[in-house]
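1. Starting from these lines, generate the structure:
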Amino acid sequence: MTWLQPWAVWFLAGIPAIVLLYFLRLKKRPVSVSTLMFWQRVMQESGRRAFFQKLRHLFSLLLHLVIFLLLLAALARPVLDLSVRNGSGTVLILDLRARMQAIEPDGVTRFEKALRLARDYARQAGSNREFALLTLGSKVTVNVPFTSDEKPLLDALDQLAPTDATGDLDAAIALADSLLAARTGERRTVLLTASALRDADTPVRNAAPPRTGVSASRPPTGELITHAVGSSLDNVAITRFATRPLPGNPQTSEVLLETQNFSNSPIRTEVELAFDGRPLEVKSLNLAANERRLDVFTSVPRPTRSARGWLTAKLSANDALPLDNVAYATLPPPRTNRVLLVSKGNTFIEKLLSVDPAVKFQFITPEAYEPSMAAKFEAVIFDGTIPAQFALNTATGNFLFLKATPFAGPGAVLEQPLITDVDPSHPATRLANLQNTVIQTAQSLIMPVPHDGWTFRAPLRSSEHPLLITGERAGQRVAGLAFDVLESDLPLRVAFPLLISNTLQWLSGGSADSLPPLSAGDVLPLPQNSAVVSVPLTTPPRPRDKPRTPSITGFLHPLKNGFYQMNDDGTTRWLAVNTFSPEESDLRVPAAIAPSVATISTPTALLRGWPLWQWLALSAFLLIVAEWWLFHQRKTE
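-> Next up is the predicted model:
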């Protein structure tokens, strides 16, 4: 047996004081009475029982000494682990990933069960038994370095909460190994997670709740003990939720929703789409076992400037993990692009720009154009003209050239070229059907060599001849069309407005109000002079609600799903954060560990996890109760 707190032996000095109290004799007080006849029998009985009276005092003394020694032993915290004499180092790894929020059949979450186990381990800390606490969330964090004091461990555990993020279990185990590498004596890594065998390649073994006094054999590098607190649960989840404007109508959007059934039986549920807190559409979903389903909702109206543009999807299923039943996305209001048209007159282009709600254009002649004008517009269209002394390396702005382009080569004019290749992945030609377009003549373009940060693509070709060349570098884009739209039947085709609208959207950089989708646990660098409210919103705020604080600058590292408000130079934008991880949503435990998953919900299991000093303290308490009862029964004094 090893004593973790041997300094408690100094309290043995209190034993003589307890014994001394039994040698004290009470001083009798003389009292005058009217007669002694009533006292004669009492005095006689006291004389006959004098020897037995001393035995009763001896029993009371021994009982008090046993209680005192039990309390003293509990304070010294004995353990039966002989290896603790050489020192012991244990790293606790507590899983904070999204899967730990799953609710078990007894109504307790996996995180709460793992937290109970972690507290049981932390209470075993002592002078020869040190513990360190690591948490596994989006990243591995050392919350408490090695310490022999249980208080900082318990305080740190009280402040922990599960996140909505994913994480790397192997990285946590590797960090624990590095912390234990420099230590001597007993070395253990205790992993408190759910179904860990599915995530790590490192050999692990399932363990019952911690029991003081049991020392399992370990390899020289240290023992890895895994407490799998989760049982196998069925779940249905939203694994993808995204929006985009309809290419043919920027005022409306389409929504992509992916759901997946993580169970071996079919599930029937409903999904509700809501726009700024108002129901938009409800759809029934029938998911077969292990089925992944894609649904597209079209004609979702885009918000106005005064709206938030929140879009939420919620499943009605009542499963073990409510976290992945709700998804968030943003629908930013359409951006109006300012376009400058430099032309001698083009009815088709002018009409197209005038009816496009996403474009606000201004018309000037080539003689009135000045290079400084380009900075005031998102895009400049040069129709059949090139400004004098124009050069890509020195010009500032985004440009679309029609017929006359800076990419023209010395070759002959192409007569009636056929469009043979269309790149559907390029934003300018996306969804544009340009096959069989009749073109009278086109310039012979030469594909430029990348230089000075410029990169070029040819999304439209006639065999080896480019018909559309696009180029971009940091903050600048340019496109050149090899033919005049008036010398083709393109204006009579549906692809004409789509091609011009796509190109202008690409030149302007898309919607500046939209922010990239973010997963919980990702890190997003914030632009300068931008701040994000660090507390997410999941429901629309009421008018009387106070502003959400605090705000952060520099980097955003969200750990909870929801909408984050971004303030950028007086402009408010919203960022949607989701988990979207099949690994976190799949709550089924592999058959290899399902039969031996530990549970700590029953009182007997909790008692088995008590260290020895708690049993000693409980024994002392029971003896105190017994002594109190014996005292009132006149058995002890």
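2. Output the contacting helices and strands for the lengthiest helix in the chain.
-> Longest helix of the chain, by residue count under DSSP state H: helix 50-76. Using 3 or more Cβ pairs under 8 Å, 6 or more residues apart in numbering; DSSP states H and E, the elements in contact with helix 50-76 are helix 15-23, helix 612-632. In this view, the C-beta of every residue, glycine as well, is placed from N, C-alpha and C.
3. from the ones you listed, which stretch is densest packed?
-> helix 612-632 (a mean of 15; mean count of other Cβ atoms under 10 Å).
4. Could you check the angle that one makes with helix 50-76?
-> 150 degrees (axes from the mean of the first three to the mean of the last three Cα atoms, to 10 degrees).
5. Could you pull up the mean pLDDT of helix 612-632?
-> On average, the pLDDT along helix 612-632 is 82.
6. likewise stretch 166-175?
-> Mean predicted lDDT for stretch 166-175 stands at 92.
7. Stretch 411-426 too?
-> On average, stretch 411-426 scores 88.
8. So which bits of it are buried?
-> 414, 417, 419, 422, 423, 426 (16 or more other Cβ atoms under 10 Å).
9. likewise stretch 97-112?
-> 97, 98, 99, 100, 101, 102, 103, 104, 109, 110, 111, 112.
10. Work out the gap between whichever strand or helix holds the last one and the centre of the chain.
-> By that I understand residue 112. Assessed by DSSP states H and E, residue 112 sits inside helix 110-122. Its chain's C-alpha centre and that of helix 110-122 lie 21 Å apart, by Cα atoms, centre = their mean, to the nearest Å.
11. So which other helices or strands are in contact with the helix or strand following it?
-> Proceeding N to C from helix 110-122, the next assigned helix or strand is strand 129-136, under DSSP H and E. In this structure, strand 129-136 packs against strand 88-95, helix 110-122, strand 140-147, helix 150-158, helix 169-181, with contacts taken as 3+ Cβ pairs under 8 Å, 6+ apart.
12. would you list these in CSV and tack on distance to residue 283?
-> Output for the helices and strands packed on strand 129-136, formatted as CSV (distance: least, Cβ to Cβ, whole Å):
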stretch, distance to residue 283
strand 88-95, 34
helix 110-122, 31
strand 140-147, 40
helix 150-158, 43
helix 169-181, 36
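13. Go through those and name the closest to residue 431.
-> Of all the helices and strands packed on strand 129-136, helix 169-181 sits nearest to residue 431, with 42.0 Å by Cβ to Cβ.
14. Let me know the secondary structure of the residue lying closest to residue 311 once chain neighbours are set aside.
-> Nearest non-adjacent residue to residue 311, counting by Cβ to Cβ, 6 or more residues apart in numbering: residue 329, 4.5 Å away. Using DSSP: H, G, I helix; E, B strand; the rest coil, the secondary structure recorded for residue 329 is strand.
15. list the contacts for residue 329?
-> Residues near residue 329 by Cβ atoms under 8 Å, 6 or more residues apart in numbering: 241, 242, 243, 255, 311, 312, 313, 517, 576.
16. redo that, cut-off 6 Å
-> 241, 243, 311, 576 (Cβ atoms under 6 Å, 6 or more residues apart in numbering).
17. Switch these over to TSV; also include pLDDT, secondary structure and neighbour count.
-> As requested, the contacts of residue 329 are exported to TSV (pLDDT from 0 to 100; DSSP: H, G, I helix; E, B strand; the rest coil; neighbours: other Cβ atoms under 10 Å):
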residue	pLDDT	secondary structure	neighbour count
241	94	strand	22
243	86	strand	21
311	90	strand	25
576	92	strand	25
